[in-house]
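Asks: Got a predicted structure plus its sequence, pasted below:
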Amino acid sequence: MYSTPLDIKNIKIKDSFWTREQELVRREVIPYQWEILNDRVPEAAPSYCMHNFKAAGMLNKRKHEQGASFKEPVYTFRGFEALPEDPRNPREDEFYGFVFQDSDFSKWIEAVGYSLATHPDKELERIADGAIDIVCAAQLDNGYLDTYYIINGMDRSFHDLRDHHELYCLGHLIEGAISYYNATGKDKLLNAAKRFADHVDSVFGNEEGKIPGYPGHEIAEMALFRLYETTGEEKYRKLAEYFIDKRGEAPLYFDKEHPQPKNQPYKIDYYHQAHIPVRQQNEAVGHAVRAVYLYSGMADMARLTGDKALLNACERLWDSITNEKMYITGGIGGTHMGESFSFPFDLPGDTAYAETCASIGLVFFARRMLQIRADRKYSDVMELALYNGILSGMALDGKSFFYVNPLEVVPEACHKDERKFHVKPVRQKWFGCACCPPNIARLITSLGTYAFTASDDTLFTHLYIGSSLSFNGYDIDIESGLPDTGKVKIVTRSTGGDSPLNLALRIPGWCGDSYQLSGAESADITVKDGYLYISGLKGDNTISLDLKMEAAVVTADNRVTEDIGRCAVVRGPVVYCMESRDNGDALRNIYADTSADIKEITIEDFGFPVTALEIRGARVTFEGSEEYISALYKKAPVRKAEPIDIRLIPYRLWANRGEGEMSVFIGIL
Ligand code: FUB
Ligand code: ZN
């Protein structure tokens, strides 16, 4: 029996940890991003996002006014990121920014929708309605809506599916429109998204005269399934299925559009997960965000169609990622070449890509797998990514962001070594390619839809987040101590019905099945795939679940050569790291005594209490006495070990106290 996310309006999050993050997004990030979309933050890279919609709307208006005498722009390629000569004086009728710049609005409005669903806000709604008017004015009469081509010339639209992002923009537009519609009941943007989807449906497919292609950057697949589930209109589901079935068909569609670029450093068909049909895929490859967005769509399709071959492929791809290609932080994408997965077990820390969006996509994939079958192997990773590789993407004030989330940083290398230019030692105000910040915003505002799913008769709790919700005739209040303690309390109150209540509670892998349950004595209790099924509860109950949470030392599989002889320290779902601010520079010289007790301390460095850790160790150096060829190398080294207490902070908080070295992995003494 499949489960579905609860209506976001049904989940009131009141949590000692996540309320802060949600409020940050609501009060700071959403307004800040609106300023950014309108190029009103002087110290940040201009977005040009709303500028482009206005320019396209102006052209559209002119076209209507001039009728047949309107001269359509003739397409000339101006680069994937077009910039004005003077960044603060863009021409009002030109397109600027990345080819997918429209999607920044869509992600913003999606976050706005989730936020309004739980926190009505008339002023924000007024701003959003105004933005929607601007966006909709840019839409062509046939439904097409991508400002890059509307402004630059429609004659080449849908001619470069491999690199251009029209179908990606469609996907994000659908997601944003559904969120806003669900929150407000206003369907203007939803209708625009449907019209664009209808246009795409009329243009793409196997039928004679249609384009037999599919998205170069996946997301339209999962968005169209969602549009189908929102509207009940089969055509959207069929279109999504077509895109998924078509991918990987030989010969490669993208090659028919135009030959592969010469000297491409990575294999382009792998980059797009189009090397073979999706049901035959065993290994997660290529651009990591694209990959997990595709796999999310595949999981939707497997759920909606019962297609076993597709589900098996999803399971294999999940295992490929999590057993061979995932950082301990829930980051994915081992190489910046093509922002891609590398080969199995290649997980370098200092050149990691681990794009914030990729971890977010992993959460999308996990939730969809959980909807098919509750298994903690999915929810454990979902939680890991959330507390670590995703939250690290945003500063504590919500005003600067990481795109790349490395596991080791030496600032000088980031500044001087071209191989590490993608790794930033401090968060950036904004990015020309600003996919990550609005992605964080939409995820955090919709957190409740990842924490819980429900089948007809069972409420699944995948993440422990303090919340109130109702389900099957019960009001349910959840209190959670995570990530500080593993103490969870669930109070259920019958609201009058007589059906029993069934709960499925995740027992996280990190507690190693050490937990105590009380208050559910009257129910049937079974455990399956890491979920505790409490069935047949009646009336009012107070259930306590105590998940053992203690700091632990973890090592990577020996095939991760990068981490041989090194360890990481975790506590529950939280991964810790060293910073030079606490431990001095040259973190590679620090070694931990893994047999020592790990001390928990509370620190106030971040403006609120944070559980930090201390472990005994040493700063180890080797000094030789006699030069070998030059002063760089010495013979007869003598080991010096100065005992120290190594201070560790949660990885998500690194680089919030200025620039310095950071490392998740520590040498083992
Ligand atoms: O191509 C759109 C987005 O930009 C991708 O998802 C990110 O990886 C970045 O390349
Ligand atoms: Zn991104």
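Replies: The structure has been received and is ready for your questions. Ligands and ions are numbered 1, 2, ... in the order given.

Asks: Nearest to ligand 1: which residue in the stretch 151-300 of the chain?
Replies: Nearest residue of the stretch 151-300 of the chain to ligand 1, counting by C-beta to the nearest ligand atom: Val289, 3.7 Å away. C-beta coordinates here come from the backbone N, C-alpha and C atoms, glycine included.

Asks: so that residue touches Cys436, yeah?
Replies: No: judged on C-beta atoms under 8 Å, Val289 makes no contact with Cys436 at a distance of 9.4 Å.

Asks: and the residue positioned nearest the centre of the chain, what pLDDT?
Replies: Taking C-alpha atoms, centre = their mean, the centroid of the chain lies closest to Ile360, which sits 1.2 Å from it. Ile360 carries a pLDDT score of 98 in this model.

Asks: Spit out the contact partners of it.
Replies: Ile360 makes contact with 385, 390, 439-440, 443, according to C-beta atoms under 8 Å, 6 or more residues apart in numbering.

Asks: just to revisit the earlier point, for Val289 and Cys436, list the residues in contact with both.
Replies: With C-beta under 8 Å, 6+ apart as the test, Val289 and Cys436 both reach 355, 357.

Asks: these two touch, right, Glu408 and Phe665?
Replies: Yes: Glu408 lies in contact with Phe665 (C-beta under 8 Å); the separation is 6.9 Å.

Asks: So between the two, which is more surrounded?
Replies: Using other C-beta atoms under 10 Å as the criterion, Glu408 and Phe665 rank with Phe665 on top: 26 against 22.

Asks: Okay, that one and Tyr576: tell me how far apart.
Replies: For Phe665, the distance to Tyr576 equals 11 Å [C-beta to C-beta, to the nearest Å].

Asks: which neighbours do the two share?
Replies: Common neighbours of Phe665 and Tyr576 (C-beta under 8 Å, 6+ apart) are Ala568.

Asks: between the contacts of Ile360, which is nearest Lys262?
Replies: Ranked by distance to Lys262 (C-beta to C-beta), the contacts of Ile360 are led by Asn439 at 32.2 Å.

Asks: host element of Asp475?
Replies: Assigned by DSSP states H and E, Asp475 belongs to strand 474-480.

Asks: Can you list the buried residues in that strand?
Replies: 474, 476-480 (16 or more other C-beta atoms under 10 Å).

Asks: ok, so of the residues you listed, who is nearest Ile328?
Replies: Scanning the buried residues of strand 474-480 for proximity to Ile328, where the rule is C-beta to C-beta, the winner is Ser480, at 22.8 Å.

Asks: Report the contact partners of the closest one.
Replies: Going by C-beta under 8 Å, 6+ apart, Ser480 touches 15-17, 464-466, 487-488.

Asks: For the closest residue to it other than its chain neighbours, give me the pLDDT.
Replies: Excluding its sequence neighbours, the residue lying closest to Ser480 (C-beta to C-beta, 6 or more residues apart in numbering) is Tyr464, at 4.0 Å. Tyr464 is assigned a predicted lDDT (pLDDT) of 98.

Asks: okay, now the domains of this protein?
Replies: Annotated domains of the chain cover 4-449, 472-547, 551-668 [automatic domain parsing].

Asks: Check those for me and report the most buried one.
Replies: domain 4-449 (a mean of 20; mean count of other C-beta atoms under 10 Å).

Asks: Gly216 touches Phe254, doesn't it?
Replies: Yes: counting by C-beta under 8 Å, Phe254 is a contact partner of Gly216 at 6.8 Å.

Asks: anything in contact with each of these two?
Replies: Jointly contacting Gly216 and Phe254 under the rule C-beta under 8 Å, 6+ apart are 161-162, 272.
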